[in-house]
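# Based on what follows, work out the 3D shape:
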Amino acid sequence: MPAALAVLAVAASLSPFFSPAHAAVVTVKDDLGNEVALAQPARRIVSLAPHVTELLYAAGAGDRLVGASNFSDYPAAATRLPSVGSFAALDLERVLSLKPDLIVGWHSGNKPSQLARLREFGIPVYESQPADFGMIADALEKLAHLAGSDAAGQAAARDFRTRWQALQAQYRGRAEVSVFYQIWSQPLMTLNGQHMVSSVLTLCGGRNIFAGLPQLAPTVSVEAVLAADPQVILSPSDAKDQPLERWRQFPRLRAVRDAHLYTVNADWLNRAGPRILDATAQVCAKLEQARQ
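Numbers count the residues shown, from 1 in each chain. Below is the predicted model of the structure:
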């Protein structure tokens with residue numbers, strides 16, 4: 001073990017926060033159903049994913065954040081937080097140096113070995129993995145409870161549910177539209193039915209053509225897309241390689257034939273935070289165009 005980690009390990013083990021004499025008074029269950037217990041509301045929180053950072057700010061816990069992963073760029077205040085590395089390759093020494101009393105990680109994005117290592121230092125870890133709109137609203141309340149900002153979190157969750165339900169009512173009963181959402185070109189990748197994006201598509205009356213694949217972010221072939229013949233193809237608006245243009249070489253593909261090739265804001269859609277509702281409104285509008 002590097003010397004810095006060894007020192008921090010001893011410090012964590014001696015912290016009064018983790019003393020058995022300090023019974024947990026703040027308890028919630030994370031998105032995996034694991035209990036997260038704190039002796040008092042968290043005052044030093046580290047976020048290990050951009051969507052987590054957004055959730056924490058929306059839950060009124062922004063002033064408790066002392067560090068965040070790379071690409072935590074919303075809201076603007078998040079860009080001033082110390083970086084703890086990328087979500088897939090965390091700088092553990094940097095995380096520990098910030099002396100967090102709560103870490104909020106990303107179950108499918110952070111390496112399990114790194115989350116386990118942080119737990120070994122006695123730091124409570126909440127794992128975030130929202131798969132639908134209800135889980136995002138619940139996360140706003142749970143994270144607020146851990147940070148002692150219940151009123152802000154409850155207000156944010158209430159506003160989120162109100163807007164979500166309005167979108168549900170607006171697009172309920174729409175004719176189904178088959179959709180391929182391309183998140184990467186080389187290799188060709190998409191998201192399956194367990195990802196939050198599929199909940200967005202479903203609300204809008206869309207059907208993810210690769211919902212049944214077992215991997216959360218599977219690699220697929222061009223041939224598989226052609227065989228599924230989606231009515232709509234979506235891709236991130238910030239993609240540098242113009243992925244939609246490549247599909248035009250297949251004029252018999254329904255999405256190409258009917259000019260239903262659309263871009264969407266990837267930060268809104270791929271991050272399971274409050275702005276997913278902005279993405280939902282955008283996606284629903286695109287699918288409505290395809291129906292017409």
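# Which parts of the stretch 51-200 of the chain are strands?
65-68, 85-86, 89-90, 102-106, 125-128, 177-181 (DSSP state E, counting those that start in this stretch).
# out of those, deepest packed?
Highest mean neighbour count of the strands of the stretch 51-200 of the chain: strand 102-106, a mean of 26 (counted as mean count of other CB atoms under 10 Å). To be clear about C-beta, it is placed using only N, CA and C from the backbone, and glycine gets the same treatment.
# In JSON lines, list the strands of the stretch 51-200 of the chain along with distance to Leu261 and mean pLDDT.
Shown next, in JSON lines, are those (distance: least, CB to CB, whole Å; pLDDT from 0 to 100):
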{"stretch": "strand 65-68", "distance to Leu261": "34", "mean pLDDT": "98"}
{"stretch": "strand 85-86", "distance to Leu261": "31", "mean pLDDT": "92"}
{"stretch": "strand 89-90", "distance to Leu261": "34", "mean pLDDT": "90"}
{"stretch": "strand 102-106", "distance to Leu261": "30", "mean pLDDT": "97"}
{"stretch": "strand 125-128", "distance to Leu261": "32", "mean pLDDT": "97"}
{"stretch": "strand 177-181", "distance to Leu261": "10", "mean pLDDT": "98"}
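# want to throw those into JSON lines with distance to Gln154?
Listed next are the strands of the stretch 51-200 of the chain as JSON lines, based on distance: least, CB to CB, whole Å:
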{"stretch": "strand 65-68", "distance to Gln154": "19"}
{"stretch": "strand 85-86", "distance to Gln154": "32"}
{"stretch": "strand 89-90", "distance to Gln154": "31"}
{"stretch": "strand 102-106", "distance to Gln154": "18"}
{"stretch": "strand 125-128", "distance to Gln154": "18"}
{"stretch": "strand 177-181", "distance to Gln154": "32"}
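# between these, which gets nearest to Glu35?
Nearest to Glu35 among those is strand 125-128; the distance by CB to CB comes to 10.0 Å.
# Now the closest one - C-alpha only, PDB.
In PDB, the C-alpha atoms belonging to strand 125-128 read as follows (Å, rounded to 0.1, in the frame of the first residue of the first chain):
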ATOM      1  CA  VAL A 125     -20.900   4.600  -0.100                       C
ATOM      2  CA  TYR A 126     -24.300   5.200  -1.800                       C
ATOM      3  CA  GLU A 127     -24.500   3.500  -5.200                       C
ATOM      4  CA  SER A 128     -26.600   5.300  -7.700                       C
END
